[in-house]
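*Asks:* Everything below, folded, please.
(one chain, ligands or ions: 1)
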Amino acid sequence: MASQTIPTEPFAGQRPGTSGLRKKVTVFTQPHYLENFVQSLFDVLNATAADGRALSGQTLVLGGDGRFHNRVAVQTILKLAAGNGVARVLLGRGGIFSTPAVSAVIRRRQAFGGIVLSASHNPGGPDGDFGIKYNAGNGGPANETLTEAVYARTQGLRELRSSDAPDIDIDRLGLQQLDDMVVEVIDPVADYAAVMRELFDFDLLRGMFQRGFRVRVDAMNAVGGPYAKAILEGELGAPAGTVVNAEPLEDFGGLHPDPNPVNAEDLIAHMQRPDAPDFGAAMDGDADRNMVVGRNFVVSPSDSLALMTAHAGLIPGYKDGLLGVARSMPTSAAVDRVAKAMGLPCFETPTGWKFFGNLLDDGKVTLCGEESYGTGSDHVREKDGLWAVLFWINLVAASGKSVEALVRELWTAHGRCVYSRHDYEAIPTDKADTLMAGLRAALPSLPGTTVAGCAIALADDFAYTDPVDGSVSQKQGIRVILTDRSRVVFRLSGTGTEGATLRVYLERHEPDATRHDLEAQTALQPLVALAETLAHIRTLTNMDKPTVMT
Ligand code: G16
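*Replies:* Next comes the predicted model:
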C-alpha cells in the first residue's frame, strides 16, 4: 500500500462560515468535495505553519459528532493524512468526539491540531447537513488568516495525495498502522473527563445525587450523550435515566439538536411538570452548546454567562478569581454589569468562538459566552455544553439555591436584560443582501433621530480590533442602540446551509427586577416595530413572522 497522487478539479465556494465548512450532505458526498477541502487544509498547514512547524511528522486529533457520513469521512481523512506525511492520528473510537473533547485532547496531548466533523446544531441524516473544521494547536477554531488561506487553496487545487490502503477498524481501541502513519484509537471521553475532574467538586456532586437531587440532561440523540452518561451517571452516581436521548444517532432520531426552548420542547415540558427534576439541560449536535432550565424556568444564555461570572468563586476550578470575561456582540450586556461590579475586564467580540481564542491564550479572560447557547472557559478553546451543565450543578450544590432563585438574585442585583432573538430562515440570499445593504446605507443618518418612537443614540456596523494581534474584523453585525441602551442588532447567520438566515437580536434593560409580569415578546414589541421600520423585513422576505423566536 502506498500514497498516490490523484488529479482533481476545484469546487467553487468552499468558503467556511462562522465555524468551518458546512453544507448539505448531498454536497459533501460529491466525489472529491471533502477530499479537496482536506487536501487544501493539509497543503496550507504544511506550507505556512506560523511557528515554523509543518504538519508533516506531527500528530492530529480526529473525530466528529457521529452524524450521517461521519464514519465514511473519517476513513477518507485518515488516508489523506497518511498521504500528506502525518505521523500519528488520535482518533476517537467509532470516529466520535464532541467538539470540546477534541479541544481537550489537542491541549492535553500537545497535538499539532485537530479536525472536527460536525455541522453542530444543524439537523443530520442523508438530507441534513455535514461539516468540517480545523482546530489549531491551542485547541481552538482556526483563525481567519488560516481559514482564508485554505479557501484560497481550494480554488486552485489540482492534486490529492492519499493512501490507497484499506479502511482501518475505527471501533477497535489501540494502535493500527496506515502506511507509515500510526492511528491510535482512543476512548473519546477519558481526556475530557479528566479535565472536568480538575475543575469541579465531584465529591460534593456525588453527595448531592446521593441525597436525591434530580437532573434531566437531554443529549438530543447527539454526541453529548456518552459524555454526560459517563460523567453524571457513571462517575457522579446520578440515577440511570438522568441523561435522555443519550445514544448518538446518525440523524439525531429526527430531532433538531439545537438546544433552545423551541427545539428542546420535550425538556421544557418535563421541567414544567409538578414532579419536575431540580435541574434540566440540553446540548446540541456536537455538545458545545447548552441550555439550562430550572423548574418551570428557562435561563437565557446571556444571563447564564452573567451568573457564572458572578458566582465563579464557588467553583473549585475558578476559586482564585477570573482574569476577565468576554461575550459576543449580540449577547446581552448582563455580563457587562456583573463584570463592572466585580471590577473585571469585559470584552465584546464578533460572533464566533474563534474570536475568544486570543483573549484566552493571552490570559485576558477566563469565561466567555454567547447568546447562541454557548458558554465556556479557558479549560479548552471551544464552548462546552457539559462543562456548563457541571458548572451550574456545582453552583446549585455549593450555593444551596435553585436555578430560579439564582437568576432572580442576579436580576435584583443588576436589573434584568429582557432579550429575544428572531430568526428568519432560508431567505433568498439576494434579498438578505439587499436588506443588509439598505440598513448599512441608512446607518449614518440614524443617530439623533427618533424612528418608530425609539430615540436612537448610535448606529453602526460592528468592527473589532483584536486586542492581542491587532487584526481587524469589519462588518460583524449592525447595531442600533437607543438612548436608554436598548438595542436591535441585525446579522446574517454564518452557519446555515440553505439561503440566508437573518437574525434580529432584541434587548432591553429593565432595572425593576420585582416586575414578574415581563413577557419578553410583549416587552420587546417597540424594538420589533423599530426593526421592521428600519429593515423592511416583511416586504423583503415575504415572511410575516420569524421562523423561530427564542
Ligand atoms: C458557531 C460558532 C459560535 C457562534 C455561532 C453563530 O456555533 O462556534 O461561536 O455563536 O456559530 O452562529 P450563526 O452565525 O448562525 O449566528 P456552532 O455551535 O454552530 O459551532
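*Asks:* Could you list the low-confidence segments of the chain?
*Replies:* 1, 48-52, 516-517 (pLDDT under 70).
*Asks:* interface residues of it facing the ligand?
*Replies:* Contact residues, the chain versus the ligand (Cβ under 6 Å from any ligand atom): 18-19, 120-121, 288-289, 328, 351-353, 370, 372, 374, 493-495, 503. All C-beta spots, glycine's among them, are computed from the backbone N, C-alpha and C.
*Asks:* Now do the helices in the stretch 101-250 of the chain.
*Replies:* For the stretch 101-250 of the chain, the helices defined by DSSP state H, counting those that start in this stretch cover 144-154, 190-199, 202-210, 224-228.
*Asks:* What residues sit buried inside the shortest one?
*Replies:* Under the neighbour-count criterion of 16 or more other Cβ atoms under 10 Å, helix 224-228 has G224, G225, P226, Y227, A228 buried.
*Asks:* coming back round to it: nearest to N70, out of the helices of the stretch 101-250 of the chain?
*Replies:* N70 lies closest, by Cβ to Cβ, to one member of the helices of the stretch 101-250 of the chain: helix 224-228, at 13.9 Å.
*Asks:* Would you convert the helices of the stretch 101-250 of the chain into JSON lines that also reports distance to F347?
*Replies:* Formatted as JSON lines, the helices of the stretch 101-250 of the chain follow (distance: least, Cβ to Cβ, whole Å):
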{"stretch": "helix 144-154", "distance to F347": "17"}
{"stretch": "helix 190-199", "distance to F347": "22"}
{"stretch": "helix 202-210", "distance to F347": "31"}
{"stretch": "helix 224-228", "distance to F347": "28"}
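*Asks:* Nearest to R515, out of those?
*Replies:* If you check each of the helices of the stretch 101-250 of the chain against R515 by Cβ to Cβ, helix 202-210 wins as the nearest, at 32.5 Å.
*Asks:* Now do the closest one and helix 190-199, the angle between them.
*Replies:* Calculated by axes from the mean of the first three to the mean of the last three Cα atoms, to 10 degrees, helix 202-210 forms an angle of 90 degrees with helix 190-199.
*Asks:* Determine the set of other helices and strands touching helix 202-210.
*Replies:* helix 385-399 (3 or more Cβ pairs under 8 Å, 6 or more residues apart in numbering; DSSP states H and E).
*Asks:* quick revisit: and the helices of the stretch 101-250 of the chain, which is most packed in?
*Replies:* Across the helices of the stretch 101-250 of the chain, averaging neighbours per residue (mean count of other Cβ atoms under 10 Å) puts helix 224-228 on top, at a mean of 29.
*Asks:* Which residues does that helix contact?
*Replies:* 96, 98, 101, 188-189, 192-193, 217, 219, 242-243, 245-248, 283-284, 287, 385-386, 389 (Cβ atoms under 8 Å, 6 or more residues apart in numbering).
*Asks:* try stretch 462-475
*Replies:* Taking Cβ under 8 Å, 6+ apart as the rule, stretch 462-475 contacts 143-145, 329, 347-350, 355, 358-359, 361-362, 364, 461, 476-479.
*Asks:* Looking at those residues, which are in helices?
*Replies:* Using DSSP state H, the members of those that fall in helices are E144, T145, F355, N358, L359, D361.
*Asks:* Quick check: chain neighbours aside, which residue is closest to the fourth one?
*Replies:* Ranked by Cβ to Cβ, 6 or more residues apart in numbering and with sequence neighbours excluded, the top spatial neighbour of N358 is V468, at 3.9 Å.
*Asks:* circling back to that earlier point, can you tell me which of the ones in helices among the contacts of stretch 462-475 is nearest the ligand?
*Replies:* Using Cβ to the nearest ligand atom, F355 is the member of the ones in helices among the contacts of stretch 462-475 that sits closest to the ligand, with 8.0 Å.
*Asks:* which residues sit in contact with the closest one?
*Replies:* Contacts for F355 (Cβ under 8 Å, 6+ apart) come out as S328, T349, Y464, D466, S473.
*Asks:* what two of these are the furthest from one another?
*Replies:* S328 and D466 (13.8 Å).
*Asks:* Compare those two (neighbour count), which wins?
*Replies:* Taking other Cβ atoms under 10 Å, S328 and D466 do not tie; S328 has more neighbours (28 against 19).
*Asks:* Buried only: go through the residues of the chain next to the ligand for me.
*Replies:* Buried, going by 16+ other Cβ under 10 Å: 18-19, 120-121, 288-289, 328, 351-353, 370, 372, 374, 493, 495, 503, out of these.
*Asks:* which pair in these spans the largest distance?
*Replies:* The widest separation within these (Cβ to Cβ) is 18.5 Å, between D288 and R503.
*Asks:* so how far is stretch 382-392 from its chain's centroid?
*Replies:* Mean-position distance between stretch 382-392 and its chain equals 11 Å (Cα atoms, centre = their mean, to the nearest Å).
*Asks:* Format the CA atom coordinates belonging to it as PDB.
*Replies:* Output in PDB follows, covering the C-alpha atoms of stretch 382-392 (Å, rounded to 0.1, in the frame of the first residue of the first chain):
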ATOM      1  CA  GLU A 382     -14.300  25.800  22.500                       C
ATOM      2  CA  LYS A 383     -17.600  26.400  24.100                       C
ATOM      3  CA  ASP A 384     -18.500  23.400  26.200                       C
ATOM      4  CA  GLY A 385     -22.000  22.100  26.800                       C
ATOM      5  CA  LEU A 386     -21.400  19.600  29.500                       C
ATOM      6  CA  TRP A 387     -18.900  21.800  31.300                       C
ATOM      7  CA  ALA A 388     -21.700  24.400  31.600                       C
ATOM      8  CA  VAL A 389     -24.000  21.800  33.000                       C
ATOM      9  CA  LEU A 390     -21.500  20.700  35.600                       C
ATOM     10  CA  PHE A 391     -20.700  24.300  36.400                       C
ATOM     11  CA  TRP A 392     -24.400  25.000  37.100                       C
END
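*Asks:* Go through that stretch and flag the buried ones.
*Replies:* So for stretch 382-392, counting by 16+ other Cβ under 10 Å, buried means E382, K383, D384, G385, L386, W387, A388, V389, L390, F391, W392.
*Asks:* Kindly report the same for stretch 329-336.
*Replies:* Buried, per 16+ other Cβ under 10 Å, within stretch 329-336: M329, P330, T331, S332, A333, A334, V335, D336.
*Asks:* now do stretch 506-526
*Replies:* L506, E507, R508, H509, A513, A520, A523, L524, P526.
*Asks:* what does stretch 238-251 give?
*Replies:* Result for stretch 238-251 [16+ other Cβ under 10 Å]: buried residues A238, T242, V243, V244, N245, A246, P248, L249, E250.
*Asks:* just to revisit the earlier point, between the contacts of F355, which sits nearest the ligand?
*Replies:* Nearest to the ligand among these, counting by Cβ to the nearest ligand atom, is S328 at 6.0 Å.
*Asks:* what separates the closest one from S473, distance-wise?
*Replies:* Applying Cβ to Cβ, to the nearest Å, the value for S328 to S473 is 12 Å.
*Asks:* Equivalent analysis for K229, please.
*Replies:* Taking Cβ to Cβ, one finds K229 at 39 Å from S473.
*Asks:* so who does the residue of the stretch 101-250 of the chain found nearest the ligand touch?
*Replies:* Of the stretch 101-250 of the chain, the residue with the smallest distance to the ligand, taken as Cβ to the nearest ligand atom, is S120 at 3.3 Å. S120 is in contact with S19, R22, D65, T99, G131, D284, G285, D286, D288, R289, T495, counting by Cβ under 8 Å, 6+ apart.
*Asks:* Which ones among these map onto helices?
*Replies:* T99.
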